[in-house]
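[1] Any chance you could fold what I've pasted below:
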Amino acid sequence: MAPTRRLTGFKPTGHLHLGNLLGALRPLIAAQDHTESIAMIADLHAMTMDHEPGRLRALALEQATVLLAAGVDPARTPIILQSQVAEHTELHYLLECATGFGEASRMIQFKEKSAAGGPIRLSLLTYPVLMAADILLHDIDEVPVGEDQNQHLELTRTIANRFNARYGPTFRVPEGVRPESAARIMDLADPAVKMGKSNAAGAGRIALLDPPEVIRRTVARAVTDELAQVRRHPDQPGVTNLVGILAECTGQQPSDPVSYGALKREVTDAIESVVAPIRARHAELADDPAHVREILAKGAEAVRPRARATVRRTRAALGLLQ
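    Numbering: from 1, shown residues only. Have a look, this model is predicted:
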């Protein structure tokens with residue numbers, strides 16, 4: 001049997017953080033031995049909002065370097081820059097011709113941001129279809145998804161099934177999977193929201209390249225509560241988040257800490273033990289950005305034959321001259 005093909009995407013809107021490592025990067029690396037994985041840096045998705053071009057380029061290169069530093073093996077897992085594989089955008093338009101406006105406008109990001117007022121880019125409306133193109137282009141079997149991504153995957157499946165029914169068998173219909181360690185790491189300053197790359201203040205985010213003193217300061221300021229017990233409990237989301245981070249970093253269920261201070265010291269040490277090797281390896285790789293760019297170019301070449309075949313198949317199904 002052919003190995004399962006899987007796609008994991010990272011959007012360069014900020015620095016990769018601890019939540020990305022535990023929730024997406026670790027499962028990607030663990031899957032390299034038994035899947036045909038692709039790691040995609042979705043720089044086109046980062047353009048749905050106002051952006052600074054130089055920062056976008058820098059973040060895309062930084063993310064590729066961090067993926068390598070964390071253990072993604074480009075010989076087994078091509079690392080691709082979305083914009084360097086032109087078939088992504090060609091398939092995007094072809095799929096738009098099989099997608100309704102109502103389907104796209106019901107996506108939660110577009111609904112929330114358009115309701116807030118202010119200028120909205122057309123790409124914010126259409127990027128879920130580009131996301132579908134990202135997946136369908138590579139004949140993906142499985143897509144690791146979190147709770148906030150289910151809607152986009154379901155749109156992808158809807159588009160694929162409709163296209164196959166209307167124009168003939170063309171796309172593989174992907175399944176969503178939750179990694180065995182589906183870590184949901186919350187913001188340390190606000191444990192009600194998930195840790196994110198583009199949180200405005202970033203006070204509760206631990207970036208993978210943060211130096212030790214920044215990690216220590218961020219954890220020390222983490223929100224806890226004023227209750228007497230230090231435990232994992234829905235009424236104590238801050239403590240629950242810290243204990244969860246400790247468990248994910250150490251691979252063990254920690255014993256009950258005796259105090260908030262003791263818990264934060266343990267969490268700080270555990271995080272540092274996980275990110276220090278990545279930070280050191282990144283420093284080595286960052287000295288040779290041309291090498292990282294070469295890896296991205298080779299990744300694009302590795303996936304291009306299948307991408308071209310998918311686009312040819314789609315064009316033929318739609319009746320376009322070859």
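
[2] secondary structure element for residue 124?
    Taking DSSP states H and E as the definition, residue 124 sits inside helix 122-137.

[3] got the buried residues for that helix?
    Neighbour counts using 16 or more other CB atoms under 10 Å place 124-137 of helix 122-137 among the buried residues. C-beta coordinates here come from the backbone N, C-alpha and C atoms, glycine included.

[4] ok, now stretch 266-277?
    Neighbour-count burial for stretch 266-277 flags 266-272, 274-275 (criterion: 16+ other CB under 10 Å).

[5] Now the host helix or strand of residue 93 - C-alpha only, CSV.
    When secondary structure is defined by DSSP H and E, residue 93 falls within helix 87-96. Coordinates of each C-alpha in helix 87-96 appear next as CSV, following Å, rounded to 0.1, in the frame of the first residue of the first chain:
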residue,chain,number,x,y,z
GLU,A,87,-0.1,25.5,-9.6
HIS,A,88,-1.6,26.6,-6.2
THR,A,89,-2.9,29.8,-7.7
GLU,A,90,-4.0,28.2,-11.0
LEU,A,91,-6.0,25.5,-9.2
HIS,A,92,-7.4,28.2,-6.9
TYR,A,93,-9.1,30.0,-9.8
LEU,A,94,-10.4,26.7,-11.3
LEU,A,95,-11.9,25.8,-8.0
GLU,A,96,-13.5,29.2,-7.6
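
[6] could you pull out the helices for the stretch 51-200 of the chain?
    Under the criterion DSSP state H, counting those that start in this stretch, helices of the stretch 51-200 of the chain are mapped to 53-70, 87-96, 101-105, 108-115, 122-137, 150-167.

[7] quick one: the helix or strand of the chain at the bottom of the mean pLDDT ranking to chain centroid distance?
    Counting by mean pLDDT, DSSP states H and E, the weakest-scoring helix or strand in the chain turns out to be helix 108-115, with a mean of 80. If you compare the mean C-alpha spot of helix 108-115 with that of the full chain, they lie 20 Å apart, counting by CA atoms, centre = their mean, to the nearest Å.

[8] swap in stretch 64-78?
    Offset of stretch 64-78 from its chain centre (CA atoms, centre = their mean): 14 Å.

[9] what's the answer for stretch 94-108, then?
    The gap between the average C-alpha position of stretch 94-108 and the chain average comes to 22 Å, counting by CA atoms, centre = their mean.

[10] Which helix or which strand is home to the closest residue to residue 84 other than its chain neighbours?
    What sits nearest to residue 84 in space, not counting adjacent residues and going by CB to CB, 6 or more residues apart in numbering, is residue 300, at 4.5 Å. Assigned by DSSP H and E, residue 300 belongs to helix 289-318.

[11] and the angle from that helix to helix 87-96?
    Here the directions of helix 289-318 and helix 87-96 differ by 30 degrees (axes from the mean of the first three to the mean of the last three CA atoms, to 10 degrees).

[12] avg pLDDT for helix 289-318?
    Per-residue pLDDT values over helix 289-318 give a mean of 98.

[13] so what secondary structure elements neighbour it?
    Judged by 3 or more CB pairs under 8 Å, 6 or more residues apart in numbering; DSSP states H and E, the packing partners of helix 289-318 are helix 53-70, strand 79-81, helix 87-96, helix 122-137, helix 150-167.

[14] Would you tell me which one of the helices of the stretch 51-200 of the chain is buried the most?
    Per-stretch averages of neighbours, counted by mean count of other CB atoms under 10 Å, single out helix 122-137 among these, with a mean of 22.
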